[in-house]
Structures are given as C-alpha cells and as structure tokens.
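K.L.:
I need the structure of the sequence given here:
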Amino acid sequence: MHWGVGVAFRWARKMAASGAEPQILVQYLVLRKDLSQAPFSWPAGALVAQACHAATSALHIHRDHPHTAAYLQDLGRMRKVVLEAADESTLKELAETLQQKNIDHVLWLEQPENIATCIALRPYPKEEVNQYLKKYRLFK
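P.N.:
Below you'll find the predicted structure:
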C-alpha cells in the first residue's frame, strides 16, 4: 500500500498543529549473526552492506507511507536499531511472522546466491513492533 506524499505532509502538519509531540520512529533491521562466523566468515563490511541494502530497499518500497515520509523529513534524527538473528531459519521465521501480522518489511536476499541475509522494517513507532522483535538482541 502506498500513501501519497501529500498525505504524509498533512499528517505532519496535523501533529504540529495539535501541539502533540511527533512520534519517535525507528527503523529496525535484523541481520544474520551466523554469517560473521565459520563456516561463512563474511567480513564486517559485507554484513554492513547487507543491512544497508535491506534498509534502503524498505525505505524505497514504503516511501509513500506517512511514517517513512516523516522519518526522512529530518535526516539528522533518523533512528535505526540493528538486531541479530542466529541463522537463516530464524530470520525466515521472523519474516513469516511479520508477513502474517501485516508488518511492512523487506527480506533482503543476496544475489546471485539467493541467501536471506537481513530483514528491514519500514520506520515504525517502536510500540507497534516491539512485541515481534523483543526476543532479538542488539547485533554485536
């Protein structure tokens, strides 16, 4: 579902006019931890690139959603949280749960190998998605 950019600006104006504090929006990423370990042993730069690809893709695909438009309105205040999934099956299980719960996200597949590496959600108020992500810890 795509929202028009005009809708996003009207939403932001409505928030400002009401005197309400704007919601804090967070883009969550869940990256496979096992890719950094043997037998994969991907370098840190390759893992960072996977997270960047997933994040960029989610922002682009959901660019017309009011939350995404608001998130991109003030680039200096963007918040991202990178969590870790143990392995590919854990990542795919999360993607399935997010799909079932209608949580907008992208499951990034590295090509040409077609390896699931990272999930990126579009920006959300953290209270809306915490329940699906609370079992994942910060990526180390």
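K.L.:
from here on, contacts and neighbour counts on C-alpha atoms
P.N.:
Fine.
K.L.:
okay, and for this protein, where does confidence drop off?
P.N.:
For the chain, the stretches flagged by pLDDT under 70 are 1-22.
K.L.:
biggest helix in it by residues?
P.N.:
As assigned by DSSP state H, the longest helix anywhere in the chain is helix 44-61.
K.L.:
next, the angle helix 44-61 makes with whichever helix or strand comes after that helix.
P.N.:
As assigned by DSSP states H and E, the chain's next helix or strand after helix 44-61 is helix 66-73. Helix 66-73 runs at 120 degrees relative to helix 44-61, counting by axes from the mean of the first three to the mean of the last three C-alpha atoms, to 10 degrees.
K.L.:
what packs against helix 66-73?
P.N.:
Contacts defined by 3 or more C-alpha pairs under 8 Å, 6 or more residues apart in numbering; DSSP states H and E place helix 66-73 against helix 5-18.
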